[in-house]
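**Q** please find the sequence and the predicted model below.
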There are 2 protein chains.
Amino acid sequence: MKSSLDNMRPTIEKIDAIMRHDLEVIDNPLLAQVIEYAIFNGGKRIRPMLTVLAAGLCGMDDSEDLYRLALSFEYLHAASLLHDDVIDHAKKRRGKTAANDVWSNTHVILAGDFLHSRAMRLAGTLGGQDCLDVICQAVAAMVESEFLQLQNAQRQELSEDYYFRVLRGKTASLIAAACETGVIFATGTMEKRTALAKFGAHLGLSFQIADDLLDYLGDPVKTGKAVGNDFQEGKMTLPLLYALRQNIGKDEDILLELLAGTPSQRCSSFAQVRDIIAKAGGFAYAKQQAQGLINEALLGLDIFPSSPSKEILALLAAYVLERNK
Amino acid sequence: MKSSLDNMRPTIEKIDAIMRHDLEVIDNPLLAQVIEYAIFNGGKRIRPMLTVLAAGLCGMDDSEDLYRLALSFEYLHAASLLHDDVIDHAKKRRGKTAANDVWSNTHVILAGDFLHSRAMRLAGTLGGQDCLDVICQAVAAMVESEFLQLQNAQRQELSEDYYFRVLRGKTASLIAAACETGVIFATGTMEKRTALAKFGAHLGLSFQIADDLLDYLGDPVKTGKAVGNDFQEGKMTLPLLYALRQNIGKDEDILLELLAGTPSQRCSSFAQVRDIIAKAGGFAYAKQQAQGLINEALLGLDIFPSSPSKEILALLAAYVLERNK
């Protein structure tokens, strides 16, 4: 298998084509330019793809309306990345200059607001009340989870429970909503909605853990991102959290001292930190967690009969673990 | 008449009570605190009040659902002020430290996103598809109009047509949507929807012109804002635009030179600029435009039979012209 995503190429292309068409609603050429830059930058379209696949799993054929509904999730994802980049004063996004650096915070905040509102409109128009509820709940969960982090910004929160709480709101809720929305569009039962929302949540958590791992172990040529960003920023991701919970004696002091230090100290000690985490089994543990979540996600698909959509969803789940970018 | 707004005190109090109750949906105490600070800061609740009054005009009795639907417009308004304050690096909002200065840009961008999404959810849930369409169109118009200004940031656009185009998107569209939403909720005819949307748009334009006038002529004790901000920022508002279009010889050179100069030069010449605009008839012209718009707005109410709501809407229109804060 070259890459599981290859099977989805036609779906991705269809999403992109319908998205380009949908964005023609924008009048102002500068706004159109900012949004084009933010959206067509090599994103993997995982969220809208999940909506389409979830509907397919419930026996719904592809239709333009389904794809347009699915765009909501790409728009919301893009809006949240835009606002995140302003918040983080980001310089780069997917290897390119971040939009806030090409234009300004003003452009980017407003473009995010536009996408946000477009997403809601598509959700409400094409998916009805239930979809709008699901999508708005996901946005609320994202914001609440960011605030949970803001509240804890001063102290280093070392519990795994806290790590997963933040992740559920920040990443998993929108992916779960993308899946659930596909079932709603296909008028699937509540049992199916719950099953797919769980599938999405587990997939999302696993996806984020894989991201955490790539930030330590990824190949910058493939990911387009330097390694070590998370540690440099003092982010407590799963491999590091696990290492700190083991009895690693002097190594623990080294990690804690670096975490209390400056970003540049953390940056220059990155190779050493990676070795410490590896020795403590942090990477192996995180991989095992991600694998466990994917297994749980796949179990959630059991109630659905075999179908091409189910096969692709399973491949997508596998991709989360294999991906190297 | 002490103030036309006195008649609306019970409505405003009811809006506030229902809003406090609605905001209990927020889990995170820090998010709740930021939103409380941003919302309960002496706002006049004009937008939700318009929704309630527009529904009343169409014979709909007050109900909790109507009020909750009306909150959408206060939330969207608050969200746009929050994002504006980040964009403008605002230090003050209504005489108090701006939320971005009390907390941070991060808090404020995210709180705005939360309110945005809550507004959409209430609109879609309580007003249905048509309300969601109207509200999302208004948000799109707001963003497009901000981008129109960004595009023209480099050159001073002196046409009145441009001034009104920006205003329609920036202020009038949301107020028009607030009015139209009330009619939709009351299942009014398309004729009534159009009439009330026009009423709202005219009211909104007039409201903004009145704001422009207060920025030159207001009493800081009453408004809680220093005068001269617009000119200091080089904002081309109606009184100034009018003055520049007259044959005022040397005075025109003074204005243009100051506009090409620095904010602090503009600040220290404010009294002189105000005299020039007054002599050129800029304030009188702007007042007359605001009056004309209010007259047009009132004409739009003609198709509705007499009712307490109609009376209050007329008083509200009058208030726009009289208000001194």
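**A** Looks like it arrived, so ask away. Numbering: from 1, shown residues only, chains lettered A, B, ... in the order given.

**Q** can you list the residues of the stretch 101-250 of chain A near chain B?
**A** Residues of the stretch 101-250 of chain A lying near chain B by C-beta under 8 Å from any C-beta of the partner chain: A:105-107, A:109-114, A:116-118, A:120-121, A:124-125, A:129, A:132-133, A:136, A:139-140, A:142-144, A:146-148, A:150-151. From N, CA and C alone the C-beta is placed, and that goes for glycine too.

**Q** and the residue of the stretch 201-325 of chain A nearest chain B?
**A** At 13.8 Å from chain B, A:Glu233 is the closest residue in the stretch 201-325 of chain A, using C-beta to the nearest C-beta.

**Q** isn't that residue right up against A:Pro263?
**A** Yes. With contact defined as C-beta atoms under 8 Å, A:Glu233 counts as touching A:Pro263 (6.8 Å).

**Q** how far away is the residue lying closest to A:Ile26 once chain neighbours are set aside from A:Ala38?
**A** Excluding the flanking residues, the one nearest A:Ile26 by C-beta to C-beta, 6 or more residues apart in numbering or on different chains is A:Ala32, at 4.4 Å. A:Ala32 sits 11 Å away from A:Ala38, going by C-beta to C-beta, to the nearest Å.

**Q** select from the residues of the stretch 101-250 of chain A next to chain B every entry located in helices.
**A** In this view, these that belong to helices under DSSP state H are A:105-107, A:109-114, A:116-118, A:120-121, A:129, A:132-133, A:136, A:139-140, A:142-144, A:146-148, A:150-151.

**Q** out of these, which are buried?
**A** A:105-107, A:109-114, A:116-118, A:120-121, A:129, A:132-133, A:136, A:139-140, A:142-144, A:146-148, A:150 (16 or more other C-beta atoms under 10 Å in any protein chain shown).

**Q** what mean pLDDT does the host helix or strand of the residue nearest to A:Ile26 get?
**A** Element membership for A:Ala32, per DSSP states H and E: helix A:29-39. Mean pLDDT, helix A:29-39: 96.

**Q** ok, stretch A:200-218 next?
**A** On average, the pLDDT along stretch A:200-218 is 94.

**Q** the stretch 151-300 of chain A: helices as residue ranges?
**A** A:160-167, A:173-185, A:190-217, A:220-223, A:229-232, A:238-245, A:250-260, A:263-268, A:270-280, A:282-300 (DSSP state H, counting those that start in this stretch).

**Q** by mean pLDDT, show me the worst of those.
**A** In terms of mean pLDDT, the lowest-scoring of the helices of the stretch 151-300 of chain A is helix A:220-223 (a mean of 80).

**Q** in that helix, what's buried?
**A** For helix A:220-223, the buried set under the neighbour-count rule, 16+ other C-beta under 10 Å, comprises A:Thr223.

**Q** pLDDT at A:Met8, what is it?
**A** A:Met8 carries a pLDDT score of 80 in this model.

**Q** A:Ile312 is in contact with that one, correct?
**A** Yes. The pair A:Met8 and A:Ile312 passes the contact test of C-beta under 8 Å, sitting 6.3 Å apart.

**Q** ok, and for stretch A:229-236, which residues are buried?
**A** Neighbour counts using 16+ other C-beta under 10 Å place A:230-232, A:234, A:236 of stretch A:229-236 among the buried residues.

**Q** and A:Tyr75, what does it touch?
**A** By C-beta atoms under 8 Å, 6 or more residues apart in numbering or on different chains, the residues touching A:Tyr75 are A:39, A:115-116, A:118-119, A:122.

**Q** now name the helix or strand holding it.
**A** If you go by DSSP H and E, A:Tyr75 is part of helix A:64-87.

**Q** what about A:Leu66, neighbour count?
**A** Applying other C-beta atoms under 10 Å in any protein chain shown, we find 23 residues neighbouring A:Leu66.

**Q** can you name the residue of the stretch 151-300 of chain A nearest chain B?
**A** A:Gln151 (5.1 Å).

**Q** tell me the pLDDT at that residue?
**A** Confidence score, pLDDT, at A:Gln151: 87.

**Q** hang on, isn't it packed against B:Leu30?
**A** Yes. Under the criterion of C-beta under 8 Å, A:Gln151 makes contact with B:Leu30 at 5.1 Å.

**Q** pLDDT value on A:Leu5, please?
**A** At A:Leu5, the pLDDT value in this model is 64.

**Q** ugh, wrong one, I meant A:Asp61
**A** For A:Asp61, pLDDT reads 88.

**Q** and it, how far from chain B?
**A** Going from A:Asp61 to chain B by C-beta to the nearest C-beta, to the nearest Å gives 24 Å.

**Q** quick one, what contacts that residue?
**A** Not one residue lies near A:Asp61 by C-beta under 8 Å, 6+ apart.

**Q** give me the secondary structure label for it.
**A** Using DSSP: H, G, I helix; E, B strand; the rest coil, the structure places A:Asp61 in coil.

**Q** may I have the phi/psi pair for it?
**A** Backbone torsions for A:Asp61, taken as degrees, to the nearest 10, come to phi -70, psi 160.

**Q** with A:Lys96 instead?
**A** phi -110, psi 160.

**Q** tell me the pLDDT of A:Arg94.
**A** In this model, A:Arg94 is scored at 77, pLDDT.

**Q** and the one 3 residues further on, by the same measure?
**A** For A:Thr97, the model assigns a pLDDT of 88.

**Q** mind checking how far it is from chain B?
**A** Taking C-beta to the nearest C-beta, one finds A:Thr97 at 18 Å from chain B.

**Q** residues near that residue, how many?
**A** By other C-beta under 10 Å, the residues close to A:Thr97 number 12.

**Q** can you tell me which residues contact it?
**A** Contacts for A:Thr97 were tallied using C-beta under 8 Å, 6+ apart; they are A:Lys91.

**Q** tell me what it is bridged to.
**A** With DSSP bridges as the criterion, A:Thr97 is bridged to A:Lys92.
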